[in-house]
Each structure stands twice: as structure tokens, then as C-alpha cells.
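> from the sequence below, what's the structure:
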Amino acid sequence: MADTQEKQGEEGTTGKGKAFFDRGDQVAETGNWDFAIQMYLDGIRREPGNMERGHLPLREVSLKRKVQGGKPAGFMEARKHKKGKEPIDALISAEFLLAKDPGNVTHMVAVLKSAQQLEQTKLVKWICDILFEVMRQAKRPDKRILLMISKAYADVDEYAAALSACDTALQMDPNNDELQEMAKDLSAKGTIKQGKYDTESSFVESVRDINKQMELSQRDHLAQSQEFLENEIEKARTDYEASPDVAGKVNALVDALLKIEEEAYENEAIDVLKKAYADSGTYRFKVRMDDVKIRQIRRRYTRLNADKRAEEAMSLARELLTFELEVYAERVKNYPTDLSLKYELGRRQLTVGKIDEAISYFQQAQRDPKRRISALTYLGQAFAKKGWHREAVETFEKALEHEPSEAKAKELHYNLAQALKAMGEKTKAIDHLSQVAQMDYNYRDVREQIEALRKETQ
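Have a look, this model is predicted:
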């Protein structure tokens, strides 16, 4: 890759594309669409993460060109923009062809794949939005593309959009077991994200936020009456009893039972899943059964917490943690290549003090682009708890190299400062605490720590 083709972060740019973006704006005002397209592409090559100055105006110009009768790239022109070896070359080629033919789904898919390779989160979401709208307006949507869109949305933690795309595909193939399972998984992950379960610094804090999670999970069902839901259960139960060995009938009955947030219905769902697992040996039934049990424990915790029964609530939180440790350990054995499961198991192991095991799983989980920064953050914390402060420092520094969000950057700088303090590197610790203070003056006890350390160093 040429030196000018450096990968840029999504939150900021180096300004290397500014001259090209400015020139693109000037040329676009004259109606010279083709030259403007080339200028924007030259800027995007240098700043692939710049949505506002690059991708968005490029799309606007391409649509104006289309309205005024602009034609798609000809055969020879397209050949000049063949997919290159590097991801940035592939992105530029795909966006050039799309700019010349803005409604071409094949070119949109090519842009999506290139954006994923470059790990440009905002670009992935943007092109998915365009693709999904095209699919919704199509007379015959492409199920394969809908699945691609759904998975791409999920990869950038846009679970609501991912679920919408999956549901659209499910409407085309309502008896598809894989799609049904995918929809359930996306719904659960969306609830977790909205409830901020994944952003808490410890498991117990996540459990304390369960009220919001329960509210979110119930919101979709408020419009459905109890009578309607019970009728749906009876229909699903009749179909299941006629064909208890058909996975689709099992899942349909479980879906219906779980729409009513009541223990009796959930227990029936558990029994149905338990039988299906025993009869077929299909592990996904066991996964779903355990998910229902976890859901029940969390709801009991919510009630105890609401009733101010703190001691019982904490006891139940420990019970849930123990159960989830067993569940995730089992899932890791059954799905050894799923890095998300290793990440979740590592979080719980870290909480209960199984430091060495947690370190191993976080080291593996960091290979997952979606969880790389979080896995490195927890890995650094694990090293720090073990007393390996040098390793903790180097791990936190590595996480910062991946351009985390501001919230995650504050946490990393803060943790890095604590590890440096433990090593006696007070001046360096002040530097990182200062970084935090400049982002958020009221973050934790950062002011007190800076003042105390400066007095000590003086």
C-alpha cells in the first residue's frame, strides 16, 4: 500500500484529504460531476473514515449526476477501476462504480465488503442503510443480501437495524430455523445493548441495571393483549403436539410461550426445550433453555432489588454469576471458534477472581474486531489484579493504539495511570490522568489523584 493510503480512524482525520474534498465541493458547484467524483474519491483514499466531507457529498453528487442523465461507467472505464489488492483500492473502485451507477446493488455490496475490511464502522452502517432501503422497496428482495446486511449491522453493534433486516428475510422464509434463531439472538443482544449491560465495568453493576433491560424487552409486547397471546400459544401448542420432532414447531411454541413474561409459561418453554434437546441432541435447544433460566433469575433479582431486599438480591446475583460461568464454559466447549463466548466467559472469570483463566480467554477474544478494545481493557485489568503491572501498562497502551471511543479512552488512560502508580512511575501516571481530566474534569477521582501525585513529585 502506498504511503498516502494510510488507514484513518473514524472519529477524526489527519486532514490529508482536505484539499481534495474542498476541490470536489468547488467543482460540484459548476456541475462537473465526473471531476467532482474523482476529487472526492482522491480525498477518501487519504481519509476513508471521513463521512461528512467524503462519502456523503460523493453520494449527493452521484445522485445529481444520475438525475441529469449521467450514464454508468463504460466497459473500458470500469476495467480501469478493477478491484485492487489492498482494501482501500477495493473501496475506491467500488465507490467509483457506485457513483456512476448509484442504484446498482452489486456495487453497494462491494462498498460494504471493503468498508468491513477497513473496519470503518460508520461507513458500514451508512451503506447498509442504503442497501436495506433498496431491499425494502424491491418487489422481490434478495434474502442473501438481507442476511448480509443483518450480519453487517450486527458486527457494528446496530442490533435494532440488524433485527429489522433479519425480520424482512424471515418474512420471505418464515419456517427457516436459522433465521428464527438469528432473530432471537439479535433481539437479545439489542436489549442488552440498550440496557447498557455490555458497558458496565463489572458483572454486579450490570445486574443492577436490569430494570431497564426488562422494560426494553417487554416494550414490543405492550400492544398485544393477554387473550391474543394465549390464543397464539394454543395454536403453537397444537402444531407442536402434532409434530414434536420438527425444530420449527418447537421454536414456534417456545416463542409464543416467552411472549408472556410469566414463570409458568417460561417453565413450560424450558420443558419443551429440554425434551427437544434430549430427543435430538441439538445443542441450540440447550442454549435457549439456559437463556430462559437466566432470564428468570434476573427477573427475580429485579423484584428483590425493588423491594429493598439488598442481601437476598446480592445472593441471587452471585447465584446468577455462578450459573453463567457454567453456561459460558459449556458454550465455549461446544462452539470453540466463537470469540464472543470466550469474551463473555473471561468477563465472568475475572469477576470471581479466576485471573489466569480470564487472561487466556481475553487474549483469544482480542482477535474479534468488535471486541478488541474491550477485551484488551479487561486483559489489562486482569494483569493488574495479578500484580503484573508492566504487562498491564503495555496492554492498556495497545488498546489505546486502536483509537477507542472517548468513554473507553478515559477508562484506559485512568487504568493505565493506576498501573504506572503501582510501578512508581508517578510522572507518567500524572500524564495519563491529565489526559482524562482534559476529556472529563469530573471523571471518578481524577482531580484528587492529580493533585496528590503532583504534591508527591514536587
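
> walk me through the domains of this protein.
3-137, 201-336, 354-458 (automatic domain parsing).

> any idea how far the last one is from the chain center?
Okay, so that is domain 354-458. Chain-centre distance of domain 354-458: 22 Å, with Cα atoms, centre = their mean, to the nearest Å.

> can you give me the distance of residue 419 to residue 410?
15 Å (Cβ to Cβ, to the nearest Å). The way it works is simple: take the backbone N, C-alpha and C, and place the C-beta from them, glycine included.

> the more surrounded of those two?
residue 419 (26 against 20; other Cβ atoms under 10 Å).

> got the confidence number for the more buried one?
Note for residue 419: predicted pLDDT of 96.

> quick one: buried residues of the helix or strand harbouring it?
Remark: residue 419 resides in helix 406-422, with elements defined by DSSP states H and E. Residues of helix 406-422 classed as buried by neighbour count (16 or more other Cβ atoms under 10 Å): 408-421.

> export those to CSV and tack on distance to residue 112?
Output for the buried residues of helix 406-422, formatted as CSV (distance: Cβ to Cβ, whole Å):
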residue, distance to residue 112
408, 25
409, 28
410, 32
411, 31
412, 30
413, 34
414, 36
415, 35
416, 35
417, 39
418, 40
419, 39
420, 41
421, 45
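
> which of those sits closest to residue 149?
Closest approach between the buried residues of helix 406-422 and residue 149, by Cβ to Cβ: residue 408, at 26.6 Å.

> so the closest one versus residue 435, what's the distance?
Residue 408 is 13 Å from residue 435, by Cβ to Cβ.

> show me the strands in the stretch 101-250 of the chain, by range?
With DSSP state E, counting those that start in this stretch as the definition, the stretch 101-250 of the chain shows no strands.

> not counting its neighbours along the chain, what's nearest residue 232?
residue 256 (4.8 Å; Cβ to Cβ, 6 or more residues apart in numbering).

> ok, that neighbour touching residue 236?
Yes - between residue 256 and residue 236 a contact is recorded at 4.2 Å, counting by Cβ atoms under 8 Å.

> shared neighbours of those two, anything?
Counting by Cβ atoms under 8 Å, 6 or more residues apart in numbering, residue 256 and residue 236 have no contacts in common.

> least trustworthy helix or strand in the protein by mean pLDDT?
When the helices and strands of the chain are compared on mean pLDDT, DSSP states H and E, helix 210-219 comes out lowest with a mean of 43.

> phi, psi of residue 31?
Backbone torsions of residue 31, given as degrees, to the nearest 10, read phi 90, psi 10.

> remind me which residues of the stretch 201-350 of the chain are low pLDDT?
Residues of the stretch 201-350 of the chain that meet the criterion pLDDT under 70 lie in 201-226.

> one more pass at 90, please.
Low-confidence segments of the stretch 201-350 of the chain, defined by pLDDT under 90: 201-232, 247-248, 259-262, 298-299, 301-303, 305-308, 310.

> show me where the stretch 251-400 of the chain has helices.
All helices of the stretch 251-400 of the chain, identified by DSSP state H, counting those that start in this stretch, fall at 263-280, 283-306, 310-334, 339-351, 355-365, 372-386, 389-400.

> what is the neighbour count of residue 429?
By the measure other Cβ under 10 Å, the count of residues near residue 429 is 23.

> just to check, residue 20 is in contact with residue 43?
Yes - counting by Cβ under 8 Å, residue 20 touches residue 43, with 3.5 Å between them.

> neighbour-wise, which of those two wins?
residue 43 (26 against 21).

> what helix or strand is that one located in?
Residue 43 belongs to helix 33-46 when assigned by DSSP H and E.

> distance between that helix and the chain's centre?
Offset of helix 33-46 from its chain centre (Cα atoms, centre = their mean): 30 Å.

> what residues does it touch?
Defining contact as Cβ under 8 Å, 6+ apart, one finds that helix 33-46 is touched by 4-6, 8, 14, 16-21, 23-25, 27-28, 50, 53-55, 57-58, 61-62, 64-65, 68, 70, 88, 91-92, 95-96, 99-100.

> against residue 261, how distant is the spatially closest residue to residue 316 that is not a sequence neighbour?
Leaving aside its chain neighbours, residue 316 sits nearest to residue 301 (4.8 Å; criterion: Cβ to Cβ, 6+ apart). Using Cβ to Cβ, residue 301 is found at 14 Å from residue 261.

> neighbour count: those two, which is higher?
Taking other Cβ under 10 Å, residue 301 and residue 261 do not tie; residue 301 has more neighbours (23 against 14).

> surely that one and residue 314 touch.
No - counting by Cβ under 8 Å, residue 314 is not a contact partner of residue 301; they are 9.0 Å apart.

> between the two, which contacts overlap?
Contacts common to residue 301 and residue 314, judged by Cβ under 8 Å, 6+ apart, are absent.

> check contacts around residue 123.
With Cβ under 8 Å, 6+ apart, residue 123 has these contacts: 10, 48, 49, 51, 55, 111, 115.

> filter those down to just the ones in helices.
The members of the contacts of residue 123 that map onto helices under DSSP state H are 111, 115.

> quick check, nearest of the contacts of residue 123 to residue 325?
For the contacts of residue 123, the nearest to residue 325 is residue 10 (34.8 Å; Cβ to Cβ).

> and the helices of the stretch 251-400 of the chain as a markdown table, adding distance to residue 230?
Converted to a markdown table, the helices of the stretch 251-400 of the chain look like this (distance: least, Cβ to Cβ, whole Å):
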| stretch | distance to residue 230 |
| --- | --- |
| helix 263-280 | 9 |
| helix 283-306 | 19 |
| helix 310-334 | 29 |
| helix 339-351 | 35 |
| helix 355-365 | 42 |
| helix 372-386 | 41 |
| helix 389-400 | 50 |
